[in-house]
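Asker: I would like to see how this sequence folds:
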Amino acid sequence: MRLKILLDCIVIGAGPGGLVTTKELVEQGLCEVICLEQTGNIGGVFANTYDSLVLTSSCTFSMFSDFWIGDGNQYEFWTKNEAVDYWKRYAKHFGVLDKIRFNAKVLEVSERDNEEWQIKLASGETLLSKRVAVAIGNNSIPNYPQWKDLLTEVEFSHSQDYRNANNFVGKNVLVVGGGESASDIALEISRVANNCWVSLRNSTGFVVPRKRGERANDIASNRGIYGLPREYGNTLSKIISQRWLTYKDPLDKTAVKLNKKVKSRNGAWGTYGTKTYALPKAIVYHKCNVVGKIIGVEDGGRTLLAASGEVLHSVDAVVFCTGYQNYVSFLPDALKETDPRSLYKHMLHSQYRDKIVWIGWARPGFGSQFPIMEMQARFFASICTGEQQLPTSEQMEEVASMERQKYLQQFEHNATRIRSLVDYHIYMDELADLIGCKPPLWKYFFLNPCLWVRLVYGATQATQFRLRGPGQKETFAKEAIAKLPVTQFNYFFLAGLRGRTIYGFKAIVKGLTAFWKKSDLENRKQINL
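Answerer: The predicted structure follows:
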């Protein structure tokens, strides 16, 4: 059976990216939009992760820009069930649920006469659409190291399949990876296992706790500190380490030791954040051991050799927390394996332009994925409605190339390995500039200093991008921002002021030097005349 109507857009996936994309398309005026979800509920991969999942970005950071999290939740961190409940309420509030078709698994997306997409479903139905939004994220196809195939005598699995530690009681288990999932899983397993090791290729991400006392730590991810040049990240990392060592807490001491493994010229700003103290807890309280990259496999995996010199004996199981491939099985062959860094703004293909978009293929080093998904959705919807125009295909390729080099320079080997990795603050402001919704900070500095303080020293979350421009919801935005927390006057705040002083002075010296050089050149010209 074929649906005869040509849809404006089909959104694939009803996780947070799919929900916000559907909502923005409809809100900005596209009528014929449907969202296809292969399961019977919303939430996407987040709804099907391990049982104990707690988000590593606070509710303040994780909220969508125009739907309040509820008073009293500003410093809280959602469990996966709480996050899904928020998305359900969001979808119901904005009428998105009426646009979702559940239990609609997509088998194939193909071009039809180079003008439209044909989407085949497992039910046998075929749909037609002008555009497709791929909003399944890039957490679908597990990525493994090559030595996985040598594990013939031990159990192995991927974090995608992990739910709890019940299967690892009394066993010798290796967890591979240093991200947030690896840390959480290592802590759970180390509580019940006989031995638990964590293998790191180089390092974890830069480890920070979710909270300091009762306050969410990511409130400090604000313009006041992230407006500094990224080279300051190295100095900032040293300041953080020195401060944490004064706390005399074994968890802080262990986190500092892990962070010293981060070999980046930009320190914390040259890698991704591991925003949980789960691994330090596993090490301090449950005798979890960190080893290097696995370079040798013997006895079908029962014996493993680490680059750091350790030999792991009597291994029973290996859990790979090694990320995912940038691969979408149902897309045409030319698009199945698409590098996020080849896309314009990690979203749009230069040849297909607005006919297809990838939502959620930009992962922030620090910050939250959900505001990024929303900003991508807003930008895409504005293009679909004609509110915004894409540059030429050649210009799109040029921008993608320049930004690829920019991120390779900032994140070095991490950008090569994690192709979706971006700088949250830079990326959000760039999209806001394209949409026309970046907050006018200088205007607020003079006309509304209280709001300015909250925009600069409160978390750089999505609501500030609703103050002006297309899609503005100024009344809601001001009310919400007034409820959101501002960073404390502490060592991190002072580190930002120190950076401002250093780079402000450098800018003055650079300006004066340029002025004197120009004056000297003009004097020489006068003498020659």
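Asker: all strands for the stretch 401-529 of the chain, in order.
Answerer: 421-422 (DSSP state E, counting those that start in this stretch).
Asker: run through it and note the low-pLDDT ranges.
Answerer: Along the stretch 401-529 of the chain, the parts satisfying pLDDT under 70 run over 509, 511-515, 517-529.
Asker: what do you get for the chain?
Answerer: 1-4, 509, 511-515, 517-529.
Asker: ok, now which ones touch the most centrally placed residue in it?
Answerer: With distances taken as Cα atoms, centre = their mean, R363 lies nearest the centre of the chain, 2.8 Å away. Counting by Cβ atoms under 8 Å, 6 or more residues apart in numbering, R363 makes contact with Y272, Q369, I418, S420, L421, V422. For the C-beta atoms, the positions are set from N, CA and C on the backbone; glycine is no exception.
Asker: most neighbours of all the residues you listed, which one?
Answerer: V422 (27 neighbours; other Cβ atoms under 10 Å).
Asker: wait, isn't that residue in contact with A362?
Answerer: Yes. Using Cβ atoms under 8 Å, V422 makes contact with A362 at a distance of 4.7 Å.
Asker: and for those two, which residues touch both?
Answerer: By Cβ under 8 Å, 6+ apart, the residues touching both V422 and A362 are H346, I372.
Asker: would you put the C-alpha positions of stretch 29-39 in CSV?
Answerer: Extracted C-alpha coordinates of stretch 29-39, given in CSV (Å, rounded to 0.1, in the frame of the first residue of the first chain):
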residue,chain,number,x,y,z
GLY,A,29,4.4,25.9,9.4
LEU,A,30,4.9,22.6,7.7
CYS,A,31,1.7,20.7,7.7
GLU,A,32,2.4,17.3,6.2
VAL,A,33,4.9,15.9,8.7
ILE,A,34,5.0,12.5,10.3
CYS,A,35,7.5,10.9,12.7
LEU,A,36,8.2,7.1,12.4
GLU,A,37,9.2,5.2,15.5
GLN,A,38,10.1,1.5,15.3
THR,A,39,9.1,0.8,18.9
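Asker: run through who's touching that stretch.
Answerer: 5-14, 18-19, 21-22, 25-26, 47-48, 96, 99-106, 119, 121-122, 127, 381, 384-385.
Asker: repeat the analysis, applying 6 Å as the threshold.
Answerer: 7-12, 14, 18, 22, 25-26, 99-102, 104-106, 384-385 (Cβ atoms under 6 Å, 6 or more residues apart in numbering).
Asker: now stretch 450-458
Answerer: Against stretch 450-458 from outside (Cβ under 6 Å, 6+ apart): N222, R223, G224, P439, Y444, F445, Q464, I481, L484, V486, T487.
Asker: number of residues surrounding the last one?
Answerer: By other Cβ under 10 Å, 19 other residues sit near T487.
Asker: ok, the third one next?
Answerer: Under the neighbour criterion other Cβ under 10 Å, G224 is assigned a count of 23.
Asker: could you confirm it falls within a helix?
Answerer: Yes. Counting by DSSP: H, G, I helix; E, B strand; the rest coil, G224 is found in a helix.
Asker: ok, it - contacts?
Answerer: Going by Cβ under 6 Å, 6+ apart, G224 touches V456, Y457, G496.
Asker: tell me where the stretch 51-200 of the chain has helices.
Answerer: 59-62, 80-93, 180-192 (DSSP state H, counting those that start in this stretch).
Asker: in JSON lines: these, plus distance to R243.
Answerer: Shown next, in JSON lines, are the helices of the stretch 51-200 of the chain (distance: least, Cβ to Cβ, whole Å):
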{"stretch": "helix 59-62", "distance to R243": "22"}
{"stretch": "helix 80-93", "distance to R243": "31"}
{"stretch": "helix 180-192", "distance to R243": "22"}
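Asker: which of these sits closest to I239?
Answerer: Among these, the nearest to I239 by Cβ to Cβ is helix 59-62 (22.3 Å).
Asker: who's in contact with the closest one?
Answerer: With contact meaning Cβ under 6 Å, 6+ apart, helix 59-62 is reached by L55, I69, N73, Q74, E76, D218, S368, F370, A459, Q461, L484.
Asker: and of those residues, the nearest to L304?
Answerer: Scanning those for proximity to L304, where the rule is Cβ to Cβ, the winner is L55, at 32.1 Å.
Asker: what about that closest one, neighbour count?
Answerer: As a burial measure, L55 scores 22 neighbours (other Cβ under 10 Å).
Asker: for N138, see how far away the residue nearest to it when sequence neighbours are not counted is.
Answerer: Nearest residue to L55, sequence neighbours excluded (Cβ to Cβ, 6 or more residues apart in numbering): W78, at 5.0 Å. Distance, W78 to N138, by Cβ to Cβ, to the nearest Å: 22 Å.
Asker: how about I5?
Answerer: For I5, the distance to N138 - Cβ to Cβ - is 30 Å.
Asker: between these two, which has more neighbouring residues?
Answerer: The neighbour comparison of I5 against N138 (other Cβ under 10 Å) goes to N138, with 22 against 10.
Asker: now do the contacts for the more buried one.
Answerer: With the criterion set at Cβ under 6 Å, 6+ apart, N138 makes contact with Y324, N326, W361.
Asker: follow-up on the earlier one: with distance to G40 added, can I get the contacts of R363 in TSV?
Answerer: Below are those laid out as TSV (distance: Cβ to Cβ, whole Å):
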residue	distance to G40
Y272	33
Q369	24
I418	32
S420	28
L421	33
V422	33
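Asker: among those, which pair sits farthest apart?
Answerer: Q369 and I418 (13.1 Å).
Asker: ok, which stretches of the stretch 351-500 of the chain are helices?
Answerer: With DSSP H, counting those that start in this stretch as the criterion, the stretch 351-500 of the chain has helices spanning 369-384, 393-411, 413-417, 424-435, 441-447, 449-457, 474-483, 491-528.
Asker: how far does the second one sit from the chain's center?
Answerer: With Cα atoms, centre = their mean, to the nearest Å as the basis, helix 393-411 stands 18 Å off its chain's centre.
Asker: let's number from 2 now, not from 1
Answerer: Sure, I'll start numbering at 2, so the last one becomes helix 394-412.
Asker: using CSV, write out every CA atom in that helix.
Answerer: Provided in CSV are the C-alpha atoms of helix 394-412 (Å, rounded to 0.1, in the frame of the first residue of the first chain):
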residue,chain,number,x,y,z
SER,A,394,26.8,23.6,-2.4
GLU,A,395,30.4,24.7,-3.0
GLN,A,396,30.2,27.1,0.0
MET,A,397,28.7,24.3,2.1
GLU,A,398,31.6,22.1,1.3
GLU,A,399,34.1,24.9,2.1
VAL,A,400,32.5,25.6,5.5
ALA,A,401,32.5,21.9,6.3
SER,A,402,36.2,21.7,5.4
MET,A,403,37.1,24.7,7.5
GLU,A,404,35.2,23.5,10.5
ARG,A,405,36.7,20.0,10.2
GLN,A,406,40.2,21.6,10.3
LYS,A,407,39.1,23.8,13.3
TYR,A,408,38.0,20.9,15.3
LEU,A,409,40.9,18.7,14.4
GLN,A,410,43.1,21.5,15.7
GLN,A,411,41.2,21.9,18.9
PHE,A,412,40.5,18.3,19.8
